[in-house]
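K.L.:
Build the 3D model from these lines:
(one chain, ligands or ions: 1)
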Amino acid sequence: MKGCKYGTHRVIEPKGSLPQPALKISNDMNIFSNEILIDVQALNVDSASFTQIEEEAGHDTKKIAAKILEIVGERGKMQNPVTGSGGMLIGTIEKIGEDLEGKIDLKVGDKIATLVSLSLTPLQIDEIIDIKPDIDRVEIKGKAILFESGIYAKLPTDMSETLALAALDVAGAPAQTAKLVKPGDSVLILGAAGKSGMMCCYEAKKRVGPTGRVVGLVRNEKSKAKLLEMGIVDDAIIASAQLPVEVLETSLAANNGNEYDISINCVNVENTEMSSILPIRNGGTVYFFSMATSFTKAALGAEGVGKDVDMIIGNGYTKGHAEITLQILRESEIVRTTFEKMYL
Ligand code: NAP
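P.N.:
Numbering: from 1, shown residues only. Here you go, the predicted model:
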């Protein structure tokens, strides 16, 4: 039997909703003809979700395991009820529904990372084997299902799984940067020393060429020195992204007093909308990758200061995002070694 390509046939509650916002979905592992069955090895739980569970469990791994089993038991998916977020998984293709055979570039035995959230992925956990709190990773014995519309990346063989996963987690950001940034642009990146920030700096610097300018905003001297040493920005400034007036002054000073063409927000805290909007020229672009962005604050804030800027919500997916992101690790020795130091 064929299911809906978005997976609505598995929604149990509330009926009519999509699998991501649903409270409960079916994790029956008999696949429909347009689904893929995955033998799961590990879950990379979203950082916000893992931190919440870890704190609730008092950092006790047995209690963390029990909480994860409880969530998956209740919801049929690993969606944290407090944060609403999921994460991603790695596993091996076990079975491909007959309607998809020959239509996708996957075969049984391929190792993949799913790039759709765990918050909508039917999951069954038979056993939790290990929990690695440092990297939010949960090794399990279990199965999962990918819907026809689900996106994935085959794990590369020229780098470690952990390195690939760390980068794929933020794949949307550098790929969108590649599409937005043009030669000669001036670009301000907020949260530039973080995971997505570094990737965006590298990609922006590549795209602006010799006539453009990339400025990274960070919180301290150490991050500033790191970015300058890596050579992925033209300049780095220190300011809190939560203080828009300070950001406006320091960022314009770093761009010969001129407003920027584009800003990219990679910060992981709230109240940074105006710091992303104020330094941008009319007709420029503000790209909010941060999940802590408020639509209301961005829309009313831009209107309030009379800024006619295009604001883009950071869709986690854009065509070719996995390849663009893995390519950065292949072509930039410095980004790769920095990621290895930080995330392995
Ligand atoms: P990350 O590595 O933790 O980086 C966040 C950066 O923000 C850090 O470098 C941090 O600085 C900086 N920061 C925090 N508060 C700041 C402040 N007040 N002023 C200036 N900088 C500040 O996070 P990430 O993995 O790159 O993710 C960044 C954001 O993207 C998160 O909100 C995440 O949820 C979101 N995200 C979105 C998608 C999507 O599809 N749109 C996908 C994945 C992640 P320190 O290093 O000094 O702490």
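K.L.:
Could you list the contact residues of the protein toward the ligand?
P.N.:
Neighbours of the ligand within the chain, by Cβ under 6 Å from any ligand atom: 169-170, 172, 191, 193-197, 219, 223, 240-242, 266-269, 289-292, 314, 316. C-beta here means a position set from N, CA and C on the backbone, and glycine is covered the same way.
K.L.:
Among those residues, name the ones in helices.
P.N.:
Of the positions in the residues of the chain next to the ligand, 172, 195-197, 223 sit in helices, assigned by DSSP state H.
K.L.:
Max pairwise distance over those: which two?
P.N.:
The most widely separated members of these, counting by Cβ to Cβ, are Gly172 and Ser223 (22.2 Å).
K.L.:
What subset of the residues of the chain next to the ligand is buried?
P.N.:
169-170, 172, 191, 193-197, 223, 240-241, 266-268, 289-290, 314, 316 (16 or more other Cβ atoms under 10 Å).
K.L.:
Nearest residue to the closest residue to the ligand within the chain in space, please, no chain neighbours.
P.N.:
The chain approaches the ligand most closely through Gly194 (2.0 Å), counting by Cβ to the nearest ligand atom. With Cβ to Cβ, 6 or more residues apart in numbering as the criterion, Gly194 has its nearest non-adjacent residue at 5.6 Å, and that residue is Cys266.
K.L.:
now swap in Arg281 and tell me
P.N.:
Leaving out its chain neighbours, Arg281 is closest to Glu259 (Cβ to Cβ, 6+ apart), at 3.9 Å.
K.L.:
For that neighbour, give me its contacts.
P.N.:
252, 279-281, 284 (Cβ atoms under 8 Å, 6 or more residues apart in numbering).
K.L.:
If any of those residues are buried, put those into a PyMOL selection.
P.N.:
A single PyMOL command selects the buried members of the contacts of Glu259 (16+ other Cβ under 10 Å):
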select buried, resi 252+279+280+284
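K.L.:
related to what we said a few turns ago, I'd guessed the residue of the chain closest to the ligand sits against Asn268; true?
P.N.:
Yes. Look at Gly194 against Asn268 with Cβ atoms under 8 Å: they come within range, at 6.8 Å.
K.L.:
Gln124: neighbour count?
P.N.:
Look at Gln124: counted by other Cβ atoms under 10 Å, it has 18 neighbours.
K.L.:
does it have beta-bridge partners, and which?
P.N.:
Lys143 (DSSP bridges).
K.L.:
Numbering from 35 from now on, please.
P.N.:
Happy to do that; since the first residue is 35 now, the last one works out to Gln158.
K.L.:
what's the spacing between Glu357 and Thr148?
P.N.:
Distance from Glu357 to Thr148, counting by Cβ to Cβ, to the nearest Å: 16 Å.
K.L.:
If you count surrounding residues, which of these two has more?
P.N.:
Thr148 (27 against 12).
K.L.:
how about the closest residue to Ala207 other than its chain neighbours, what does it touch?
P.N.:
Distances taken as Cβ to Cβ, 6+ apart put Ser230 closest to Ala207, at 4.0 Å, once the chain neighbours are dropped. Neighbouring residues of Ser230 by Cβ under 8 Å, 6+ apart: 204, 207-208, 300, 323.
K.L.:
which of the residues you listed lies closest to Gly243?
P.N.:
Nearest to Gly243 among the contacts of Ser230 is Pro208, at 16.7 Å by Cβ to Cβ.
K.L.:
Assign a three-state SS to the closest one, would you?
P.N.:
Counting by DSSP: H, G, I helix; E, B strand; the rest coil, the backbone at Pro208 sits in helix.
K.L.:
didn't it look like it was pressed against Glu357?
P.N.:
No. Look at Pro208 against Glu357 with Cβ under 8 Å: they stay out of range, at 10.8 Å.
K.L.:
would you list every one of the helices in this protein?
P.N.:
Applying DSSP H to the chain gives helices spanning 81-90, 95-109, 195-202, 206-214, 229-242, 255-264, 278-287, 307-311, 329-338, 355-365, 367-377.
K.L.:
Show residues contacting the shortest one.
P.N.:
By Cβ under 8 Å, 6+ apart, the list of residues contacting helix 307-311 from outside reads 222, 224, 251, 273, 275-278, 281-282, 297, 299, 320, 322, 327-328, 331-332, 335-336, 339, 341, 343, 345.
K.L.:
Report the buried members of these.
P.N.:
Buried members of those, scored by 16+ other Cβ under 10 Å, are 222, 224, 251, 273, 275, 278, 281-282, 297, 299, 320, 322, 327, 331-332, 335-336, 341, 343, 345.
K.L.:
What about the nearest residue in space to Ile368 that is not next to it in sequence, how many residues nearby?
P.N.:
Nearest residue to Ile368, sequence neighbours excluded (Cβ to Cβ, 6+ apart): Met264, at 4.9 Å. Residues lying near Met264 (other Cβ under 10 Å) number 20.
K.L.:
can I see the domain layout of this structure?
P.N.:
42-189, 206-377 (automatic domain parsing).
K.L.:
got a list of what the residue lying closest to Thr196 once chain neighbours are set aside touches?
P.N.:
Leaving aside its chain neighbours, Thr196 sits nearest to Leu378 (5.5 Å; criterion: Cβ to Cβ, 6+ apart). Leu378 sits next to 194, 196-197, 200 when contact means Cβ under 8 Å, 6+ apart.
K.L.:
please redo it, this time with the cut-off set to 7 Å
P.N.:
Residues near Leu378 by Cβ atoms under 7 Å, 6 or more residues apart in numbering: 194, 196-197.
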